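A.B. asks: Sequence first, predicted model second:
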Amino acid sequence: LLLLMFSDMILPLQVICVALTIGALTSIVAAESLEEVRLRRSQMENQVLRSQLNPHFLYNTLNNIDALIWLDPQKASDAVTSLSALMRYFTYSARQEHVPVGEEVKHLQELVELQRLRMQHTDALRFDVSIDDEKQPIAPLLLLPLLENCFKHCGNLNESGAIVLSLKVNQGKLEYRSSNNLPTEPKENTRQHGVGMKVLRRRLKLLYPNRFELTATVLDNRFETALVVSLYH
């Protein structure tokens with residue numbers, strides 16, 4: 001009789017254990033599925049945000065080259081070659097989740113040199129770079145909108161120190177700073193400056209959550225931006 005009673009107790013306990021196990025497994029699977037959904041959503045949104053940058057850059061650069069065609073055909077030809085290399089980078093390397101920071105900065109420097117063609121004075125633009133590890137991975141095109149904004153919203157490209165850029169990467173910490181003079185009268189497309197910053201901030205939140213600081217200030221008729229990112233997880 002005792003054995004029968006004991007066996008009757010075992011069955012409900014087994015049922016309860018199985019039910020709890022199934023419930024736990026279901027919760028784990030649901031959590032993993034939810035995490036996967038969030039990850040895929042972030043990746044898709046990141047691709048959309050990243051794709052918004054390329055047409056803007058292309059439009060500005062083609063305008064610069066167009067202005068050079070009659071003034072200096074050789075410079076215009078060199079600019080087309082540099083643009084071709086940049087577009088190849090955008091098409092292939094920039095589609096990756098990460099690229100070596102040295103490769104990214106190399107193409108940013110090419111972009112800067114393309115923009116320098118618009119300037120009459122060599123000291124109007126300065127770009128200082130210091131990187132301790134060029135293989136350190138970084139999200140591609142991350143700094144492009146900040147760089148573009150300097151040229152797009154610069155008041156006078158032909159004065160000394162019109163645009164000053166600096167980029168430092170040390171032990172996984174990226175520090176970018178830019179400064180450009182402002183026009184005496186606001187431009188009609190000033191609103192786009194805020195749009196570009198919003199897009200960049202959204203990308204940073206997706207790629208480097210709680211690991212970045214982005215600021216923009218106006219001081220002494222100059223627009224200054226600063227970005228600090230911890231590239232390590």
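C.D. replies: Received, thanks.

A.B. asks: For stretch 113-133, buried residues please.
C.D. replies: The neighbour-count check on stretch 113-133 (16 or more other C-beta atoms under 10 Å) flags 114-119, 124-125, 127, 131 as buried. Glycine gets a C-beta too; all of them are placed from N, C-alpha and C.

A.B. asks: mind saving the C-alpha coords of it as PDB?
C.D. replies: This file holds the C-alpha atoms of stretch 113-133, laid out as PDB (Å, rounded to 0.1, in the frame of the first residue of the first chain):
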ATOM      1  CA  GLU A 113      42.400  66.100 -50.200                       C
ATOM      2  CA  LEU A 114      39.500  66.200 -52.600                       C
ATOM      3  CA  GLN A 115      38.000  69.000 -50.600                       C
ATOM      4  CA  ARG A 116      41.300  70.800 -50.400                       C
ATOM      5  CA  LEU A 117      41.100  71.300 -54.200                       C
ATOM      6  CA  ARG A 118      38.500  74.000 -53.500                       C
ATOM      7  CA  MET A 119      40.900  76.000 -51.300                       C
ATOM      8  CA  GLN A 120      43.300  78.600 -52.500                       C
ATOM      9  CA  HIS A 121      45.600  78.500 -49.400                       C
ATOM     10  CA  THR A 122      47.400  75.400 -48.100                       C
ATOM     11  CA  ASP A 123      47.000  76.500 -44.500                       C
ATOM     12  CA  ALA A 124      43.200  76.800 -44.800                       C
ATOM     13  CA  LEU A 125      42.900  73.100 -43.800                       C
ATOM     14  CA  ARG A 126      44.700  70.900 -41.300                       C
ATOM     15  CA  PHE A 127      44.100  67.300 -40.500                       C
ATOM     16  CA  ASP A 128      46.200  65.700 -37.800                       C
ATOM     17  CA  VAL A 129      46.100  61.900 -37.300                       C
ATOM     18  CA  SER A 130      47.600  59.700 -34.600                       C
ATOM     19  CA  ILE A 131      46.800  56.000 -34.500                       C
ATOM     20  CA  ASP A 132      48.500  53.400 -32.200                       C
ATOM     21  CA  ASP A 133      46.900  50.400 -33.900                       C
END
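
A.B. asks: Which residues does that stretch contact?
C.D. replies: Contacts to stretch 113-133, defined as C-beta atoms under 8 Å, 6 or more residues apart in numbering, come from residues 61, 64, 67-68, 75, 79, 82-83, 86, 101-102, 105, 109, 112, 151, 157-171.

A.B. asks: go with 7 Å
C.D. replies: Contacts to stretch 113-133, defined as C-beta atoms under 7 Å, 6 or more residues apart in numbering, come from residues 61, 64, 68, 75, 79, 82-83, 101-102, 105, 109, 112, 151, 157-171.

A.B. asks: just checking, which of the buried residues of stretch 113-133 belong to helices?
C.D. replies: The members of those that map onto helices under DSSP state H are 114-116.

A.B. asks: Quick check: of those, which lies closest to residue 208?
C.D. replies: Nearest to residue 208, judged by C-beta to C-beta, of those is residue 115 at 26.4 Å.

A.B. asks: Okay, now the unreliable bits of the chain?
C.D. replies: The model of the chain has pLDDT under 70 over residues 1-57, 60, 94, 185-194, 233.

A.B. asks: which residues of it fall in helices?
C.D. replies: 2-51, 53-68, 73-91, 101-116, 144-152, 191-207.
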